[in-house]
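# Need coordinates for the following:
(chains A and B)
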Amino acid sequence: MLKLVTKNIGIENSHTLAVAKANGGYSRVEKALALAPEAIVEDVIKSNLRGLGGAGFPAGRKWSFLPKDSPKPRYLVVNGDEGEPGTVKDKYIMIYDPHLLIEGIIITCFAIRSHKAFIYIRGEYDLPIARVEGAIAEAKAAGILGDRVLGHDFALDIVVHRGAGAYICGEETSLLESLEGKRGWPRLKPPFPAVEGYQRCPTVVNNIETLSYVPFVIEMGGQAFADLGSERNGGLRIYSVSGRVNKPGVYELPMGTPLRQIIYEHAGGISGGRQLKAVIPGGSSAPILTAAEIDVPMDFDSLAKIGSMLGSAGIVVFDESVSIPAALLVLARFYAHESCGQCTPCREGTAWMTKIIQRILDGDGRMGDADNLIRIAKNVLGNTICPLGDAAALPVISWVTKFRPEFEEWIKRGRPVGQAPIPVTHIGERTAVAV
Amino acid sequence: MSSSGHMIDHPGPVSWSEAARREIDAIFAKYPDTKSATLPIIWLAVREFGWISPQVEVILGEVLKRPLNEIHSVVTFYTMFPQGPLGRHHIQICRNIACWLANAPELMEHLVAKLGIRPGEVSADGRFSLEEVECLAYCECAPALRIDGRYEGNLTREKIDRIVEEAR
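Alright, predicted model coming up:
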């Protein structure tokens, strides 16, 4: 089976320059630097390479939005803040093939005429940070980075910037604020980063995985890359699979691979011989799918059509024994914890939703609580500066709507006399309860 | 563990070592402006002083040429900048969805019983501190924790016992 960004995983010392070069590393830079920058942008547009951080915006089009006549410096900012629950993919590229990432950054910077790139990596990622920093040092020493990239009249410097624990900083404008040394409060758009990004200069923000596919677009040509995927969704991508499956892990497969195939063929099916109950298809922010909805091609447009999101392709699988209200509390608590506090609907709404789900699980739920949750979520949805509000609201709306009887069952049951409420840290026990 | 509340003072005055001053210059050289060096220099202060106290905020403000309220605002936004001493071995255990599905709450209780501390606390001998965190992005090996800058996954009670014994 064809692999691209994960093909060197398993080769000994794949993170070193010598091994990377022996396996094709930097071979695409020469080809790219002989092209006109605009020709690269055109080819990436043709490739249908999408933004794999989660938004799915076509990468080449994003690049084409940079103003042509700005006298300001241009920046490439690489998003390695991987924090969307269920998503573990960028880590593999940084640990096992950091030179592929650097190669993608060189080609992209040449295409957008940028001479400085920042890689923002989440603070907990010590090993990925060490590997990327090591690879940059090796590349500098070998003349791959610096004043003359591989002897060409093109200068490029790459700086690794360590995050410090904030999910919100994965949102591109929050990331830029954080890079500028501030609290990670998202900015209003427009202006978009392409016009006013880092230091109010034209900036492209792309995910680690997105940029790591760029060398392959150059190698095989945009059309051939596009043909590997589905309509308007070019190439392959890494699907992270976790939860109740036999073989959790990362699987690099074509865009549009059916969800059922990923769960049952690649990830080995449901663990413990149980039945599938529900799936989060694209990170915790993506609306949930029931077992009846998994015959869907995993691409951005197909999932949008059925009311969910491909997002970061972080697939989390729930079997029949999982209590949906208890699982939703885990996510609601997460969004309440990670809300940056800037917008009232998100700051207050995420806390209210968490409290209501908690009281339902404590046996103190009220008959209108399912409607309360949906009403609050709809008042958060679309009413915040950044997508965290939507990310918190969408799971609540979809989970409560699709599994409403389960919430009502909890509410009706109430708390048996003399039984203490269940503290949050104990909710794991409820996974064994089929409701 | 910035969520735990108030900042704790260092016992005496704090100042940058010569090596730290050289590193600060090197950090400034990487960015087009001094403000962008804020997070890396706070990280350096965490390495130098163990945690960010009110005294450390003052010297951060001096090198970064930013008012104290801005420094404090940044320090308290990020969960990885400690505002009090941590144990020599700091354990972060994940409570998000994949780990929760893999029985993380029970393992958390096991760890609490074994160390004798709750999340947010430091053991009396100063060896361990414990923190409950959101997704560490190690879902494929859930349940997972992070200790002393490395990840440990596929946790069981036995594996947790081994990790704690090796750290003692």
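# Now A:Tyr335. Nearest residue, chain neighbours left out?
Leaving out its chain neighbours, the residue that sits closest to A:Tyr335 by CB to CB, 6 or more residues apart in numbering or on different chains is A:Ala392, at 3.5 Å. Every C-beta, even on glycine, is put in place using the N, C-alpha and C of the backbone.
# Tell me how far the one you found lies from A:Lys378.
12 Å (CB to CB, to the nearest Å).
# more neighbours, the two?
A:Ala392 (28 against 14; other CB atoms under 10 Å in any protein chain shown).
# The more buried one contacts A:Thr354, correct?
No - with contact defined as CB atoms under 8 Å, A:Ala392 and A:Thr354 do not form a contacting pair (9.5 Å).
# shared neighbours, those two?
A:332, A:335-336 (CB atoms under 8 Å, 6 or more residues apart in numbering or on different chains).
# A:Leu175 contacts A:Arg122, correct?
No - A:Leu175 lies out of contact with A:Arg122 (CB under 8 Å); the separation is 10.5 Å.
# Please parse chain A into its domains.
A:17-228, A:236-319, A:324-432 (automatic domain parsing).
# can you tell me the distance between the two ends of the second one?
To tie it back to what came earlier, the one meant is domain A:236-319. Terminal residues of domain A:236-319 are spaced 27 Å apart (CA to CA, to the nearest Å).
# tell me the contacts of the residue lying closest to A:Asn8 once chain neighbours are set aside?
In this structure, A:Asn8 finds its nearest non-sequential neighbour in A:Ser14, 4.3 Å apart by CB to CB, 6+ apart. Shown in contact with A:Ser14 (CB under 8 Å, 6+ apart): A:8, A:20, A:23, A:96-97.
# count of residues packed around A:His276?
Residue A:276: Leu, not His. Neighbours of A:Leu276 (other CB under 10 Å): 21.
# Could you do A:Ala286 as well?
A:Ala286 has 28 nearby residues by other CB under 10 Å.
# Equivalent analysis for the one 10 residues further on, please.
Number of residues near A:Val296 (other CB under 10 Å) recorded here: 19.
# Let me know the helix or strand that the closest residue in space to A:Ala32 that isn't next to it in sequence is in.
The shortest distance from A:Ala32 to any non-neighbouring residue, by CB to CB, 6+ apart, is to A:Ile107 (4.4 Å). Secondary structure from DSSP states H and E places A:Ile107 in helix A:98-112.
# Tell me, how many residues neighbour the residue in the stretch 151-300 of chain A that chain B sits nearest to?
Relative to chain B, the nearest point of the stretch 151-300 of chain A is A:Gly181 (3.1 Å; CB to the nearest CB). Neighbour count for A:Gly181, taken as other CB under 10 Å: 22.
# Same question for A:Ala18.
12.
# ok, it to chain B distance?
For A:Ala18, the distance to chain B (CB to the nearest CB, to the nearest Å) stands at 26 Å.
# Now do the same for that residue: helix, strand or coil?
Under DSSP: H, G, I helix; E, B strand; the rest coil, A:Ala18 falls in the helix class.
# related to what we said a few turns ago, test my guess that the residue of the stretch 151-300 of chain A closest to chain B contacts B:Trp43.
No - between A:Gly181 and B:Trp43 there is no contact under CB under 8 Å: 11.9 Å.
# Point out where chain A drops to low pLDDT.
Scanning chain A for pLDDT under 70 picks out A:415-435.
# ok, now with 50
Per-residue confidence for chain A (pLDDT under 50) gives these ranges: A:422-435.
# Adjacent strands (with direction) for the longest strand seen in it?
The residue-count maximum for a strand in chain A (DSSP state E) belongs to strand A:236-243. When pairing is defined by DSSP bridges, strand A:236-243 lines up against strand A:249-254 (antiparallel), strand A:314-319 (parallel).
# Kindly reformat the domains of chain A as TSV and extend each row with distance to B:Ile71.
Shown next, in TSV, are these (distance: least, CB to CB, whole Å):
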stretch	distance to B:Ile71
domain A:17-228	10
domain A:236-319	32
domain A:324-432	18
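# Figure out which of those is closest to B:Gln83.
domain A:17-228 (12.5 Å; CB to CB).
# Start and end of the closest one, how far apart?
28 Å.
# And for stretch B:77-88?
End residues of stretch B:77-88 are separated by 24 Å (CA to CA).
# Is there proximity between it and chain A?
Yes - counting by CB under 8 Å from any CB of the partner chain, chain A is contacted by stretch B:77-88 at B:77-81.
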